[in-house]
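# Structure, please.
(2 chains)
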Amino acid sequence: MSASPGGPKITVLDYGAGNVRSAVRALEHVGAQVTLSGSTEDIREADGLFVPGVGAYQAVMDALRSSGALRHIGYRIAGGRPVMGVCVGHQVMFEAGVEHGVRTEGLGEWPGVVEKLHADVVPHMGWNTVTPPEGSRLFQGIEDERFYFVHSYGVLKWDFDVTQPLMVPPQVTWAKHGEPFIAAVENGPLTAVQFHPEKSGEAGAQLLRNWMETF
Amino acid sequence: MPVAIRVIPCLDVDHGRVVKGVNFEGLRDAGDPVELAARYGREGADELTFLDVTASSGDRETVYDVVRRTADQVFIPLTVGGGVRAVADVDRLLRAGADKASINTAAVVRPEVINEITERFGSQVLTLSLDAKRSEKALPSGFEVTVKGGREGTGIDAVQWAQEAARRGVGEILLNSIDADGTKDGFDLEMIRAVRRAVNVPLIASGGAGTPEHFAPAVHAGADAVLAASVFHFGPDDMISRVKAAMRAAGCEVR
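Sure, this is the predicted structure:
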């Protein structure tokens, strides 16, 4: 993907979730035409929707729901239109999150509960390696790079039912901090990453290019 | 492989300019923090810290502009400290493009501000900057929290303060040894061990680095990240690579 004005149109979802400036700039840096917006039209029309998320799971879900964005994320996925969730935006794609004993329902695209990481030092903060599956498009050419993580919660188990016929199973990338946790999922139009590609230097830029190549 | 030990250059910024001076080849203007930040990013820095040392709070606008311009072109995490007193200060820094804010004196004066900031933005946005020194006073750990760049003691035990700050929600602790700072004799390993034993949030060691060989002992004492200023500003242009090579040779995981 070249840095031409004709790059793909990406909407970075604006629903009041902290700092999204770096996400906008990182996507522009790799040649996308970026709109920071929460409007239905911008969510629907974009070639790709980037869903950021920082802070508490419940706060992110409340904000997604009250802004109306939740429904439209669902419509995009159902319609086969690319969506990428990042950090808490990755976590909310799973069934539920449990923080401070409070369980919050997520989008439920995949089974699995977001829980506190089991490690000596939490938050998990810094550059870590990942283990992508064979044939991953998202990590193509950057399989051995490190990415920047900052989180205290994660999905530690993958219970997807792969016995269903006619279904291509999602591709799961793992990382380890204390115990293994899910670093990324590639599932048709829906991609989610626990780390921050927009803060992962050149490796992160390449991952964003790889994502845009799937459009 | 575990998470890599972060190597973090720290830039003191006054009225939008890097102070303490730097002397790098290939920089048009060594006093421009944005240019220097981009340079460190290319050299392999894992994260960057700006410390706004501007004395008058009336001139904070320049630091927001520096943060904005840096975040526009440097795609690694950026922490900004200096003058952070309340939720609103953190909000403005995040909006400008910072990933984390560090807080020092304001948290000592009013610890509740840690809860207020982290309940709003999450633990990961707040770093406690802790300036500590050995003290004659009767303190459990023997280390005292200081303010005003180490010139003023507070009578507070540094290890207990680290524990309290972690309990209140800070996402990591930047431990700066006032005794070691500026000596170039190496990090204060005893202080790092004492704080490491007491908290389980990430620990950044600071103060005393003079050579690439000084960094690994801080990691072995329990640091998750290492921060330095002059060793990078005045060292050879490839100092970050040299530091990482020395750390790797000593068995540390680095990027």
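
# can you give me the helices for chain A?
Applying DSSP state H to chain A gives helices spanning A:21-29, A:40-45, A:57-66, A:69-78, A:88-91, A:201-213.

# quick one, which of those helices is nearest to chain B?
helix A:21-29 (4.5 Å; C-beta to the nearest C-beta). For every residue, glycine as well, the C-beta is placed using N, CA and C.

# Which positions in that closest one come out as buried?
Within helix A:21-29, the residues that qualify as buried by neighbour count (16 or more other C-beta atoms under 10 Å in any protein chain shown) are A:Arg21, A:Ser22, A:Ala23, A:Val24, A:Arg25, A:Ala26, A:Leu27, A:His29.

# In this structure the third one contacts A:Phe50, no?
The one in question is A:Ala23. Yes. Counting by C-beta atoms under 8 Å, A:Phe50 is a contact partner of A:Ala23 at 6.1 Å.

# Touching both of these two, which residues are there?
A:Val12, A:Val86 (C-beta atoms under 8 Å, 6 or more residues apart in numbering or on different chains).

# before we move on, back to that, can you list the helices of chain A in a markdown table and add mean pLDDT?
Below are these laid out as a markdown table (pLDDT from 0 to 100):
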| stretch | mean pLDDT |
| --- | --- |
| helix A:21-29 | 92 |
| helix A:40-45 | 96 |
| helix A:57-66 | 93 |
| helix A:69-78 | 95 |
| helix A:88-91 | 96 |
| helix A:201-213 | 97 |
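
# With distance to A:Phe195 as added columns, please give those in CSV.
Formatted as CSV, the helices of chain A follow (distance: least, C-beta to C-beta, whole Å):
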stretch, distance to A:Phe195
helix A:21-29, 13
helix A:40-45, 24
helix A:57-66, 17
helix A:69-78, 20
helix A:88-91, 9
helix A:201-213, 8
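
# Return the most buried member of those.
Most buried of the helices of chain A by mean neighbour count (mean count of other C-beta atoms under 10 Å in any protein chain shown) is helix A:88-91; its value is a mean of 26.

# Report all helices and strands that that one contacts.
If contacts are counted by 3 or more C-beta pairs under 8 Å, 6 or more residues apart in numbering or on different chains; DSSP states H and E, helix A:88-91 sits against helix A:57-66, strand A:153-155, strand A:190-193.

# Could you find the closest non-adjacent residue to A:Gln58?
Spatially, and ignoring its direct neighbours in sequence, A:Gln58 is nearest to A:Thr104 (4.4 Å; C-beta to C-beta, 6 or more residues apart in numbering or on different chains).

# Give me the neighbour count for B:Pro236.
11 (other C-beta atoms under 10 Å in any protein chain shown).

# Would you confirm that it contacts B:Arg242?
Yes. Applying C-beta under 8 Å, one finds B:Pro236 in contact with B:Arg242, separated by 7.0 Å.

# Can you name the residues of chain A that neighbour chain B?
Counting by C-beta under 8 Å from any C-beta of the partner chain, chain A comes close to chain B at A:18-19, A:21-22, A:25-26, A:29, A:54-56, A:120-129, A:146, A:148-152, A:176-177, A:196, A:198-201, A:204-205.

# out of those, which are inside strands?
A:124-129, A:146, A:148-151, A:176-177 (DSSP state E).

# Out of the residues you listed, the closest to A:Val92 would be?
Set against A:Val92, the nearest of these by C-beta to C-beta is A:His151 (12.8 Å).

# Name whatever forms a beta bridge with the closest one.
In this entry, A:His151 is beta-bridged to A:His124, by DSSP bridges.

# which ones are touching it?
Contacts of A:His151 (C-beta under 8 Å, 6+ apart): A:Cys87, A:Val88, A:Leu117, A:Pro123, A:His124, A:Gln194, B:Gln124.

# Can you report how many residues neighbour the fifth one?
Meaning A:His124. Residues near A:His124, counting by other C-beta under 10 Å: 25.

# gap between it and B:Leu227?
19 Å (C-beta to C-beta, to the nearest Å).

# now B:Gly169
21 Å.
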